[in-house]
Each structure stands twice: as C-alpha cells, then as structure tokens.
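> how would this look folded up:
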Amino acid sequence: MQMIKRILKRFREARGLHKATVKIDFFPEDQVAPQIFWHRTQNPEKDTIPLLVCGYARFLYELAELNEVRVARELISFLEQVCKRVLTEAGPPRRVQLPLGQLRLVNEAGQPALRTYQMEFFEIAGGNYRLEYSGSLGKEGFYLPGAFLALLQSCLDHLGDDALRQLTQSLGRLHDYYRMRRDFWEGGALMSGPAYALGKEQLRAEEADN
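Below you'll find the model as predicted:
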C-alpha cells in the first residue's frame, strides 16, 4: 500500500499542479462556447496569461502536425496585427472585436456539442507550464484557429486592463521567439516558446536558427 501511495505521489508530482481545464465547444448554427474551469488558482486573471500563451503554442503545433503550416503562419500574422491594435501608447488596452466570420460566441447552447477541443493546464516545477490536449478531427484548418480566436475574444471581453496588456505583450514575445527560432512545429517549442514569452530575457542573434 505504501509503495502504491509513493508511486501515485510521484505521478502527481510529474504531472504538476492541475490548474485549469479549457473546453471549446462547437454547436449547430455556428455557435461556439469557450470556457475555462479553474481547479487550483489564487489569481485566475494572472493564470489566464500562461494558459492562453501555452494554448496558442499548442494550437500552432497541432496545425503544423496536420500539415496546416500555411494556416498557422496566417494565424500568427493575424494575431500580430491584433496585438498592435490592442496595445496603445497611453491609456487602457483596446477591446477589439475579432472577425470570427459566422461563428457566434455563446455561454452554453443547451445541446450536445458537435466537436470539442479540450486542454488540461498544469504548472510544473520551476514555474513552467504544460498542457494535455485533445480535440476533434476534421477541418482543423478552420476549427483550430476558430477555437483559439473564440477563446481569445472571451479574454478580450472579460480580462482586466493589466492582465489583458500582459497577455498581449506575452503573445507578441511568443511571435518574436518564433520569428527568431522559426520552430513552432517542433515539440520542444511547446515549452521553450511559452517560457520565453512569459519571461523577460532577450534572444541573442547567435541563438536564432539559421
């Protein structure tokens, strides 16, 4: 019994602190409901920043894995424009409305979802983070970007000014990292990219991939 307890303890420590579950459900009539369920957090707004950065990195990686690199690059280019619009030189960040096409954000649709993307968000040793991801298959070149943009729009609508500014700055730093390293399709970037985006260090030119 003691051995089983030790094994389970090591397993929990390896997984990290389970902070949140993210579900993005798509329903009939182009309805989408992004939701964050917090499990262990003392500051949901602050923890939303690494959650969104890690989720964005994971969605870009999934697009690349599905041979949708062009779509991933288009999403990066679009989000760079959004970040520039949100951040202002003076005053609060702008609450922009993202062009979601026919998708309509809802809190809940009262019916079974047609497809679901889910992420389990963990904090691990050293102040780092990781995600466990699962998602529906089919038309990811459309639904994966739509899922992230719906989640981001929810944050643009509800985060406080300071958290929204930090989130936007962190997304910009993630873009800087990918521009220098050009490796959002590599598994290692799932941790190294967000770690850079959430930190303050600067990449040296000699660290960039040739």
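
> how far is stretch 62-75 from where the chain is centred?
Chain-centre distance of stretch 62-75: 15 Å, with CA atoms, centre = their mean, to the nearest Å.

> Can you get me a residue count around Val86?
As a burial measure, the neighbour count of Val86 was computed by other CB atoms under 10 Å and equals 20. The C-beta positions use only the backbone N, C-alpha and C, and glycine is treated the same way.

> What separation do you get for it and Tyr56?
With distances defined as CB to CB, to the nearest Å, the gap from Val86 to Tyr56 amounts to 14 Å.

> residues in contact with the residue nearest the centre of the chain?
Most central residue of the chain, judged by C-alpha distance to the mean C-alpha position with CA atoms, centre = their mean, is Gly55 at 2.2 Å. Contacts for Gly55 were tallied using CB atoms under 8 Å, 6 or more residues apart in numbering; they are Val22, Met119, Phe121, Leu131, Phe148, Leu151.

> Off-centre distance for stretch 180-190?
15 Å.

> Can you measure across that stretch, start residue to end residue?
Start to finish, the residues bounding stretch 180-190 are 15 Å apart (CA to CA, to the nearest Å).

> Quick one: residues in contact with it.
54, 57-58, 60-61, 64-65, 69, 72, 76, 130-131, 177-178, 192-193, 203, 207-209.

> Buried residues, it. List them.
Along stretch 180-190, the positions that meet the burial threshold by neighbour count (16 or more other CB atoms under 10 Å) are Met180, Arg181, Asp183, Phe184, Ala189, Leu190.

> Can you tell me which of those residues is closest to Glu45?
Within those, proximity to Glu45 (CB to CB) peaks at Leu190, which comes in at 23.5 Å.

> Just give the number of residues close to Ala125.
Residues near Ala125, counting by other CB under 10 Å, number 9.

> meant to ask about Tyr143
The burial count assigned to Tyr143 is 20, neighbours taken as other CB under 10 Å.

> which secondary structure elements does the host helix or strand of it contact?
Assessed by DSSP states H and E, Tyr143 sits inside helix 140-158. Under the contact criterion of 3 or more CB pairs under 8 Å, 6 or more residues apart in numbering; DSSP states H and E, helix 140-158 touches strand 17-27, strand 31-38, helix 44-65, helix 69-86, strand 104-105, strand 115-124, helix 161-181.
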